[in-house]
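Novice: Build me a model:
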Amino acid sequence: MTDKLVVIGGVAGGATAAARARRLNEHAEIVVFERGPYISFANCGLPYYIGEVIKKRDDLMVTDAESFSKRYNVDVRPSCEITDMDRQNHEVVVYCHQTGEQYRESYGRLILSPGAEPVRPPFARGVDAQNIFTLRNIPDTDRIKAYVDENKPGRAVVVGGGFIGLEMVENLAFRGVEVTVLEKMDQVMPPLDYEMACLVHAHLSEKKVDCRFNDGVESLEKTGDAIVVKTESGTSIQCDMVVLSIGVRPETGLAQKAGLKIGETGGIAVDETMRTSDPYIYAVGDAVEIRQRVTGAKALIPLAGPANKQARIAADNVMGRCSVFRGSAGTCAVKVFEVTAAATGINEKTLRQYGIPYRSGYTHSGSHAGYYPGSETMALKLLFSPGTGRLLGAQAVGKIGVDKRIDVLATAVYGSMTVFDLEELDLCYAPPYGSAKDPVNMAGYVASNLIKGDLEKINWDEIKDIDPEKEVLLDVRSRIEVKTSGSIEGAVHIPIDELRGRLGELDREKTYIAFCAVGQRSYLAYRILTQHGFSAKNLAGGFRTYLAAAENITLM
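Specialist: Numbers count the residues shown, from 1 in each chain. Model prediction:
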């Protein structure tokens with residue numbers, strides 16, 4: 001066995017690991033194998049090159065093999081695929097795509113960074129068409145862009161509403177393509193809860209994107225130069241191109257062939273140092289199973305941020321330092337035309353799956369001071385422990401400032417902070433950037449009120465189940481708002497500024513469910529009602545959340 005480090009795979013994980021290893025040890029022998037021709041590229045930027053938001057293809061290249069080799073004194077071998085690992089003899093079997101040569105290379109320590117591969121479902125197998133695509137790397141990008149450039153497709157079907165799917169929807173639309181999204185679930189962007197995803201649905205509809213939910217693909221059939229997408233519901237969609245973005249799965253073929261342990265989620269099993277079941281082999285990136293920061297459960301989190309951190313930690317340990325990866329909160333964001341949707345921690349679906357007690361709170365705040373031009377409303381949802389107030393997750397949708405707030409909340413999740421901490425966070429404020437009471441502070445206030453018992457809420461999805469004999473919806477918005485936007489069927493309308501003087505019109509035997517546009521005025525109505533002896537609740541998130549989720553309309 002030698003002291004040589006071999007890294008399998010480039011891009012975020014492998015290239016980062018090799019660069020870190022070199023910075024720690026100037027004298028180590030380091031070899032990087034990449035089966036493709038590109039050692040490190042911006043895979044998160046690929047859809048934007050197709051949409052011509054990124055104009056130059058070269059801008060996608062973080063570095064090339066020659067430059068990386070020269071800077072870090074690393075032996076970089078592109079277009080070289082590792083086909084097998086001989087763990088007993090500490091050797092890998094290399095196949096060179098350019099020459100057809102096969103040879104063995106020794107290693108002392110090994111870092112695996114194979115990444116993840118797009119899911120290609122059964123209905124796509126055997127369909128030999130030039131206009132059915134997946135997107136993972138530069139060659140995939142070149143094929144899609146060339147097709148769009150040369151054929152000027154009129155209509156595309158994007159199968160799947162995850163990150164890549166949504167980014168492809170946006171960028172194909174930028175190229176003048178009419179897009180249909182076909183999603184088997186009832187929403188796009190799985191990290192979001194349904195009512196938050198509905199805000200994205202509404203924006204997609206505004207941009208003339210045809211969204212079809214609760215429907216999967218039954219088959220793909222060629223009809224001349226076109227593709228006919230037949231769905232499970234029995235409908236047919238004829239289009240010029242199909243992009244399959246159903247998700248990714250860890251690429252573990254090499255690890256399984258070598259007998260490395262595979263975890264319960266299907267990723268390569270690693271410990272907190274990123275070491276596999278073989279003490280001489282480490283693994284990083286989309287192919288590995290890691291710890292979810294909030295639940296502590298094993299998870300697959302195929303994101304570039306965690307991959308880079310894991311690569312650095314693996315390199316530390318290979319080079320004799322002691323570093324540990326403490327899990328990921330899965331913080332993520334996606335741009336969909338003018339809207340940003342972002343999340344951190346875990347959502348309600350996951351909390352219910354693990355049986356974790358939680359409460360939720362909603363706010364709709366301005367991105368910065370309302371009197372300064374350009375402020376936009378963002379919807380923010382917190383999930384937190386009912387007793388301690390520990391922050392479990394957060395989601396936000398809006399046009400400006402969403403990423404900033406989710407980054408703050410991701411830090412809070414990582415640090416096991418509570419909603420009471422959010423109330424007191426000292427965040428920067430100037431009229432162009434925020435408010436004296438930042439949206440994060442406001443979300444903390446609402447959540448704290450719920451825990452303290454200063455507020456009792458009802459969620460949008462519970463409205464359909466209220467008993468009209470016992471519960472009354474109370475709309476406290478202005479007359480012009482009700483006239484312009486309508487109201488919830490059966491609601492009594494008393495503007496907030498008239499409520500104190502009209503309490504005599506209310507029935508003390510009934511519970512009043514107050515609502516306004518976003519929940520601020522109805523919270524005041526709740527406090528007025530309860531302190532005058534009435535039973536009351538507040539509609540969480542207000543009329544905006546109700547419209548978005550219950551009626552798939554948005555006022556954003």
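Novice: From now on I want contacts and neighbour counts done on CA atoms only, so please keep to that.
Specialist: Fine.
Novice: Output the below-cut-off pLDDT ranges for the stretch 101-250 of the chain.
Specialist: Scanning the stretch 101-250 of the chain with the threshold set as pLDDT under 70 gives 124-128.
Novice: How about the stretch 401-550 of the chain?
Specialist: Of all residues in the stretch 401-550 of the chain, none has pLDDT under 70.
Novice: Might you report the residue contacts of residue 376?
Specialist: For residue 376, the contacting residues are 366, 367, 368, 398, 399, 400, by Cα atoms under 8 Å, 6 or more residues apart in numbering.
Novice: The first one - how many residues pack around it?
Specialist: Using other Cα atoms under 10 Å as the criterion, residue 366 is surrounded by 20 other residues.
Novice: Residue 401 versus that one, what's the distance?
Specialist: In this structure, residue 366 and residue 401 are 9 Å apart, going by Cα to Cα, to the nearest Å.
Novice: tell me, what's touching these two both at once?
Specialist: residue 378.
Novice: Would you state the helices of the stretch 1-150 of the chain in chain order?
Specialist: Assigned by DSSP state H, counting those that start in this stretch, the stretch 1-150 of the chain shows helices spanning 11-24, 46-50, 65-72, 138-151.
Novice: where along the stretch 251-400 of the chain do the helices fall?
Specialist: 253-257, 304-318, 348-353.
Novice: Need those in JSON lines (columns: mean pLDDT and distance to residue 287).
Specialist: Formatted as JSON lines, the helices of the stretch 251-400 of the chain follow (pLDDT from 0 to 100; distance: least, Cα to Cα, whole Å):
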{"stretch": "helix 253-257", "mean pLDDT": "96", "distance to residue 287": "10"}
{"stretch": "helix 304-318", "mean pLDDT": "95", "distance to residue 287": "9"}
{"stretch": "helix 348-353", "mean pLDDT": "95", "distance to residue 287": "21"}
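Novice: Please identify the most buried of those.
Specialist: Ranked by mean neighbour count, these are led by helix 304-318 with a mean of 24 (mean count of other Cα atoms under 10 Å).
Novice: That one vs helix 11-24, what angle?
Specialist: 30 degrees (axes from the mean of the first three to the mean of the last three Cα atoms, to 10 degrees).
Novice: burial count for residue 230?
Specialist: Using other Cα under 10 Å, residue 230 is surrounded by 18 other residues.
Novice: packing partners for the helix or strand hosting it?
Specialist: For residue 230, the host element (DSSP states H and E) is strand 226-231. On a contact count with 3 or more Cα pairs under 8 Å, 6 or more residues apart in numbering; DSSP states H and E, strand 226-231 meets strand 217-223, strand 236-239, strand 241-244.
Novice: quick revisit: can the helices of the stretch 1-150 of the chain go into CSV with extra columns for mean neighbour count and distance to residue 374?
Specialist: What follows is the helices of the stretch 1-150 of the chain, written out as CSV (neighbours: other Cα atoms under 10 Å; distance: least, Cα to Cα, whole Å):
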stretch, mean neighbour count, distance to residue 374
helix 11-24, 24, 36
helix 46-50, 22, 26
helix 65-72, 15, 43
helix 138-151, 16, 35
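Novice: Report the spatially closest residue to residue 401, excluding sequence-adjacent ones.
Specialist: residue 367 (5.5 Å; Cα to Cα, 6 or more residues apart in numbering).
Novice: What of residue 82?
Specialist: Residue nearest to residue 82 in three dimensions, not counting chain neighbours: residue 94, with 4.6 Å by Cα to Cα, 6+ apart.
Novice: Okay, and the beta partners of the one you found?
Specialist: For residue 94, the beta-bridge partners are residue 82, residue 103 (DSSP bridges).
Novice: residues contacting it?
Specialist: Contacts of residue 94 (Cα under 8 Å, 6+ apart): 80, 81, 82, 83, 84, 102, 103, 104, 105.
Novice: Let me know the pLDDT of residue 551.
Specialist: Model confidence at residue 551, given as pLDDT, is 63.
Novice: before we move on, the earlier item: of the helices of the stretch 1-150 of the chain, which is nearest residue 459?
Specialist: Nearest to residue 459, of all those, is helix 46-50, at 36.5 Å by Cα to Cα.
Novice: helices or strands next to that closest one in the packing?
Specialist: Under the contact criterion of 3+ Cα pairs under 8 Å, 6+ apart, helix 46-50 touches helix 138-151, helix 163-174.
Novice: how does this structure divide into domains?
Specialist: According to automatic domain parsing, the chain comprises the domains 5-115+249-318, 122-246, 341-451, 457-550.
Novice: Those domains into JSON lines, with extra columns for distance to residue 329?
Specialist: Compiled in JSON lines, those are given as follows (distance: least, Cα to Cα, whole Å):
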{"stretch": "domain 5-115+249-318", "distance to residue 329": "5"}
{"stretch": "domain 122-246", "distance to residue 329": "11"}
{"stretch": "domain 341-451", "distance to residue 329": "5"}
{"stretch": "domain 457-550", "distance to residue 329": "24"}
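Novice: do you know how far the closest residue to residue 311 other than its chain neighbours is from residue 250?
Specialist: Leaving aside its chain neighbours, residue 311 sits nearest to residue 17 (4.6 Å; criterion: Cα to Cα, 6+ apart). According to Cα to Cα, residue 17 stands 19 Å off from residue 250.
Novice: Then residue 89?
Specialist: According to Cα to Cα, residue 89 stands 26 Å off from residue 250.
Novice: ok so, going back, and the helices of the stretch 1-150 of the chain: which comes nearest residue 489?
Specialist: Smallest distance to residue 489 across these (Cα to Cα): 42.9 Å, for helix 46-50.
Novice: Do I have it right that residue 138 meets residue 46?
Specialist: Yes: counting by Cα atoms under 8 Å, residue 138 does reach residue 46; the two are 7.4 Å apart.
Novice: Spell out which residues are contacts of both of those two.
Specialist: By Cα under 8 Å, 6+ apart, no residue touches both residue 138 and residue 46.
Novice: thinking again about what came up before, list the pairing partners of the strand holding residue 230 within its sheet, with orientation.
Specialist: strand 217-223 (antiparallel), strand 236-239 (antiparallel).
Novice: out of those, which comes closest to residue 277?
Specialist: Closest approach to residue 277 among those (Cα to Cα): strand 217-223, 38.4 Å.
Novice: Need the CA coordinates for that closest one. CSV is fine.
Specialist: Extracted C-alpha coordinates of strand 217-223, given in CSV (Å, rounded to 0.1, in the frame of the first residue of the first chain):
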residue,chain,number,x,y,z
VAL,A,217,-46.5,9.5,-17.4
GLU,A,218,-47.9,6.2,-18.8
SER,A,219,-45.8,6.1,-22.0
LEU,A,220,-43.8,8.1,-24.5
GLU,A,221,-44.4,7.5,-28.2
LYS,A,222,-42.8,8.9,-31.3
THR,A,223,-45.1,10.3,-33.9
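Novice: Please compute how far it lies from its chain's middle.
Specialist: 29 Å (Cα atoms, centre = their mean, to the nearest Å).
Novice: Now tell me what touches that strand from outside.
Specialist: With contact meaning Cα under 8 Å, 6+ apart, strand 217-223 is reached by 123, 124, 127, 129, 159, 182, 227, 228, 229, 230, 231, 232.
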